[in-house]
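Enquirer: Sharing a sequence plus its predicted fold:
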Amino acid sequence: MKKNLFEYPLPALEEEMLAQGQTRYRARQLYEWIYVKRILSFEAMTDVSKAFRATLESDYCLDLPRIFRRQDASDGTLKLLLEMADGSKVETVLMRYDYGNVVCVSSEVGCNMGCAFCASGLLKKERGLQASEMVGEVYLMNQLLAEEGERVSHIVVMGTGEPFDNYDELMKFIRVMNEAKGFAIGARHITVSTCGLVDGIDKYGKEGLQINLAISLHAPSDEIRKKIMPIASRYDLKDLLAAVKRYEDAGGRRVTFEYILLKGVNDSLACADELSDLIRGTLAYVNLIPYNPVKEKPFERSPEKTVRAFADRLMKRGVNCTVRKEFGTDIDAACGQLRVKYERAKK
Ligand code: SF4
């Protein structure tokens, strides 16, 4: 079977080239063709010898997922349903902010974390995505943006799946995206979001990368969290906050706590008080997310004035917070709405 070059961080590709009797420089040349010049034909890589181009042709490939369906939202958000080589399908979303083009990447086919409010978890995990498949999500979006003279500037791993449940492939993907001689997305422009896998946070903190970490907190107490996030029965808030502290102390970047406001569940002022007490002492700030309705789920969106009051209360108590801007609600591309409808319709 041909090896997909999208699978290789640069140091691994250098090793691969050495094993092929080439130099490390060959790997850097390939990286430039693939990620800087965006050339996917080995034949067109004219500074590679003809003989080695034949080896590339016979032993390697540059396969991308297939765009199965494209949806464009009225606000410019773009959602792609991508089909992998084995027929699995995942969704990827492009959001256009003032500061750049952000791709929300899925890390798994389905998700086993079972968060009660989330559409993505309606499909159980079939498998983790390979690094090359995650690279493919971003690469394809970048190809589409190139037609408009733009490029992907930021990556958030917040689509379907729990990234730390697919840790090794995730890290390979990040290293490919972050490589200065290739795609060159700065570490500070990459965010990984976890529902709170403590082991993963600890491991991630030791990688020595200046990548952002977001924690899906969604509740100020174990009691409420256990009702909406099964992971809370594995790691309580004390364990989770201790891991965040270790992460910050190890030199990691500031952590963002994601908090979806669910009407009557976690949106009272008492919850805001409890939340501010909970995270006091960390460097974190809170990203409040208005809930996007999912028809199979019993939750309702908090009224706008409740969201405002919750945010004001946090600020008054010294917690920095923002209310997340919403994208693509008319194509089910907003937070917590990703799902593979095509697959479900077939079942
Ligand atoms: S919120 Fe994230 S971790 Fe939870 S079920 Fe949805 S995709 Fe999985």
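Expert: Perfect, I can see it now.

Enquirer: what residues does the longest helix that the chain contains touch?
Expert: Longest helix of the chain, by residue count under DSSP state H: helix 131-146. Here helix 131-146 makes contact (CB atoms under 8 Å, 6 or more residues apart in numbering) with 4, 6-7, 38, 63-65, 67, 78, 80, 82, 84, 90, 92, 94, 101, 103, 105-107, 151-152, 155, 157, 169-170, 172-173, 176-177, 183. Using the backbone N, CA and C atoms, a C-beta is placed for each residue, glycine as well.

Enquirer: Then stretch 321-333?
Expert: Identification of contacts with stretch 321-333 by CB under 8 Å, 6+ apart yields 71-75, 77-79, 91, 93, 95-97, 119, 285-290, 292, 307-308, 311, 314-315, 334-335, 337-339, 341.

Enquirer: Keep only those of these that are in helices.
Expert: Going by DSSP H, the helices hold 307-308, 311, 314-315, 341 from these.

Enquirer: got those residues as TSV, with distance to the ligand columns?
Expert: Output for the ones in helices among the contacts of stretch 321-333, formatted as TSV (distance: CB to the nearest ligand atom, whole Å):
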residue	distance to the ligand
Val307	19
Arg308	24
Ala311	21
Leu314	21
Met315	26
Lys341	15
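
Enquirer: Drop anything exposed from these.
Expert: Buried members of the ones in helices among the contacts of stretch 321-333, counted by 16 or more other CB atoms under 10 Å: 307, 311, 314.

Enquirer: Show the contacting residues for the last one.
Expert: With contact set as CB under 8 Å, 6+ apart, Leu314 has these partners: 272, 275-276, 286, 320-321.

Enquirer: Narrow these to those that are buried.
Expert: For those, a burial check counting by 16+ other CB under 10 Å picks out 272, 275-276, 286, 321.

Enquirer: taking the contacts of helix 131-146 one by one, which sit in helices?
Expert: 169-170, 172-173, 176-177.

Enquirer: Among the residues you listed, which one is most surrounded by other residues?
Expert: Neighbour counts for these peak at Phe173, which has 31 neighbours (criterion: other CB atoms under 10 Å).

Enquirer: Restricting to the ones in helices among the contacts of helix 131-146, which residues neighbour the ligand?
Expert: When contact is defined as CB under 6 Å from any ligand atom, the ones in helices among the contacts of helix 131-146 do not meet the ligand at all.

Enquirer: Nearest to the ligand among the residues you listed?
Expert: Minimum distance to the ligand across these is 13.3 Å, recorded for Leu170 (CB to the nearest ligand atom).

Enquirer: Spatially nearest residue to that closest one (excluding sequence neighbours)?
Expert: Pro163 (4.8 Å; CB to CB, 6 or more residues apart in numbering).
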